[in-house]
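Student: have a look at this fold, sequence not included:
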């Protein structure tokens, strides 16, 4: 695996801050301040921010500069609707190609999430659960689907980080998320296509409903 460039390393560090909720929707990312903080050139930071913009994490606007992407309720609803549509199709494809090895990979991610939760590492548990979804998409063997899903996952990670910052999850909520993923896994393991699809619908709907309260009432296009 080739070594990361300096700009890629900066982008990775910023990505960790975004996922961890240290930078949330609407926060400004000032090139000169980041360059000083990370001991790199302003050009390096600019290249890193350009990469994050291409991935959907940040947006660059006239007079505002670069900010972490924000979402209205309508836009968040759109993210989850699209995510459900993509994952639903991907789930069918993944089931067609599911093997014992691939199933074990999904199971390991669930185990990782459970262990993180037991250790009080909620962020680690959520990261492992997102990894579960990404691995399921990879099992489709469809490059375009994987590319599209990755952008949607980035949006979903931003929304999850915002929700956590404004309304921190408790152990009961995390346990419910783990149970929902365990249910989906067991249905995939059983080859129950209809049951797995129903579980996926319920799971993504639950994520959507957890995020909506922290977004306020603004609709798309409102200021």
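Tutor: Thanks, I have the structure now. Please read these numbers as outputs of a predicted model, since none were measured by experiment.

Student: for the rest of this, base every contact and every neighbour count on C-alpha atoms.
Tutor: Will do.

Student: could you say which helix or strand contains the residue nearest the centre of the chain?
Tutor: Centroid check for the chain by C-alpha atoms, centre = their mean gives residue 157 as the closest residue, at 3.1 Å. According to DSSP states H and E, residue 157 maps onto helix 143-166.

Student: tell me which helix or strand comes right after that helix.
Tutor: Helix 143-166 is succeeded, C-terminally, by helix 171-189 (DSSP H and E).

Student: quick one: buried residues of stretch 62-76?
Tutor: Neighbour counts over stretch 62-76 (16 or more other C-alpha atoms under 10 Å) mark 66, 67, 68, 69, 70, 71, 72, 73, 76 as buried.

Student: the third one and residue 28 touch, don't they?
Tutor: Going back to what we said before, that points to residue 68. Yes: using C-alpha atoms under 8 Å, residue 68 is in contact with residue 28, at 6.5 Å.

Student: point out where the protein drops to low pLDDT.
Tutor: 1-3, 216-223 (pLDDT under 70).

Student: specify the residue ranges that define each domain of it.
Tutor: When the chain is parsed with automatic domain parsing, its domains come out as 6-68, 73-214.

Student: and the residue nearest to residue 34 when sequence neighbours are not counted, what does it touch?
Tutor: The spatial neighbour of residue 34 that comes closest, neighbours along the chain excluded (C-alpha to C-alpha, 6 or more residues apart in numbering), is residue 45 at 6.9 Å. Contacts for residue 45 (C-alpha atoms under 8 Å, 6 or more residues apart in numbering) come out as 7, 10, 11, 31, 34, 35.

Student: residue 6 versus residue 45, what's the distance?
Tutor: Residue 45 sits at a distance of 9 Å from residue 6 (criterion: C-alpha to C-alpha, to the nearest Å).

Student: just residue 84 next, same as before
Tutor: For residue 84, the distance to residue 6 - C-alpha to C-alpha - is 35 Å.

Student: those two: who's more crowded?
Tutor: Taking neighbours as other C-alpha atoms under 10 Å, residue 84 and residue 6 compare with residue 84 leading, 21 against 15.

Student: hang on, the more buried one in a helix?
Tutor: Yes: Residue 84 forms part of a helix when assessed by DSSP: H, G, I helix; E, B strand; the rest coil.

Student: can you point out the buried residues in the host helix or strand of residue 49?
Tutor: Using DSSP H and E, residue 49 sits within helix 42-55. Buried residues in helix 42-55, defined by neighbour count with 16+ other C-alpha under 10 Å: 42, 44, 45, 46, 47, 48, 49, 50, 51, 52, 53.

Student: try stretch 94-105
Tutor: Judged by neighbour count (16+ other C-alpha under 10 Å), stretch 94-105 contains these buried residues: 94, 95, 98, 102, 103.

Student: same thing with stretch 154-173?
Tutor: Buried residues in stretch 154-173, counting neighbours by 16+ other C-alpha under 10 Å, are found at 154, 155, 156, 157, 158, 159, 160, 161, 162, 163, 164, 165.

Student: now the spatially closest residue to the third one that is not a sequence neighbour: how far from residue 179?
Tutor: If I follow you right, that is residue 156. The shortest distance from residue 156 to any non-neighbouring residue, by C-alpha to C-alpha, 6+ apart, is to residue 79 (7.3 Å). Distance, residue 79 to residue 179, by C-alpha to C-alpha: 23 Å.
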